[in-house]
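J.: Sequence and predicted structure are below.
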Amino acid sequence: MLSATRHMLTAHLLDLPRVLDRYAAADPAFVGEALAWLSSVEQTLLKLRRPLAGQVASARGRILGAKDGYRPNGAVSSGTTPRQAQRAVTAAALTETDNALRDIITGIDTRLDGYREKIAQLLAVASHARPLPTPGDQPRDPWLRSLWSDLATTPDTAGMHAYLKAALAPGDALDLLGELVDNLLGQTDDTPLPGTRAAGAAPEGGRITR
């Protein structure tokens, strides 16, 4: 699921400044903290079946090897101590991994933006065909699932719905739908906007326009 992957990778990125603070403070625990962070990232990537896991494992290997004299070309200056070399290699590995994670997240965002646009179009077409139900007293998640299924019943939206259903994990579809519906309904109070109807209520003939 794209949104879940994004959430997990973002959590690792948000934890990285804590590790880098140790580097800035010349904390002896920096290398150990960095290795623990990289190991955690690697485990997440393995669960997600992302090839980047191998690259992260390689980065950990370079850090461990630096203690035994390994020196990547251009990574450290000549004459540095083993400890200094290992810290430099570690910092480079963190930067490399940070950039790689950000690239993945950017790719996810690009894909989600495309699907978000298509779901927005789907809602616009569906709302012109008949009013969209508001949640009323119904819990949000069941309502979103019901609304998502309901979008497949309109002839003008059935084809696009089938495409999105095949392309998106259910959780991603509901996340994007919920985000768009919140914007569409402008949930600032309990008064439905024109073109909506309470869940279970008969259509009143209104339409949501964009």
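T.: Everything's here; your move.
J.: I'd like to know which elements the lengthiest helix in the chain is packed against.
T.: Ranked by residue count under DSSP state H, the longest helix found in the chain is helix 82-129. Applying 3 or more CB pairs under 8 Å, 6 or more residues apart in numbering; DSSP states H and E, one finds that helix 82-129 makes contact with helix 2-24, helix 30-47, helix 52-67, helix 155-167, helix 170-185. Any C-beta I mention is one placed from the backbone N, CA and C, and that applies to glycine too.
J.: can you redo these as a markdown table with mean pLDDT, mean neighbour count and distance to V125?
T.: Putting the helices and strands packed on helix 82-129 into a markdown table (pLDDT from 0 to 100; neighbours: other CB atoms under 10 Å; distance: least, CB to CB, whole Å) gives the following:
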| stretch | mean pLDDT | mean neighbour count | distance to V125 |
| --- | --- | --- | --- |
| helix 2-24 | 97 | 15 | 24 |
| helix 30-47 | 98 | 18 | 37 |
| helix 52-67 | 93 | 17 | 38 |
| helix 155-167 | 93 | 14 | 5 |
| helix 170-185 | 90 | 17 | 13 |
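J.: okay, those helices in CSV with distance to R87 next?
T.: As requested, the helices and strands packed on helix 82-129 are exported to CSV (distance: least, CB to CB, whole Å):
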stretch, distance to R87
helix 2-24, 7
helix 30-47, 6
helix 52-67, 9
helix 155-167, 45
helix 170-185, 40
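J.: List the contacts of A4.
T.: A4 makes contacts with G171, as judged by CB atoms under 8 Å, 6 or more residues apart in numbering.
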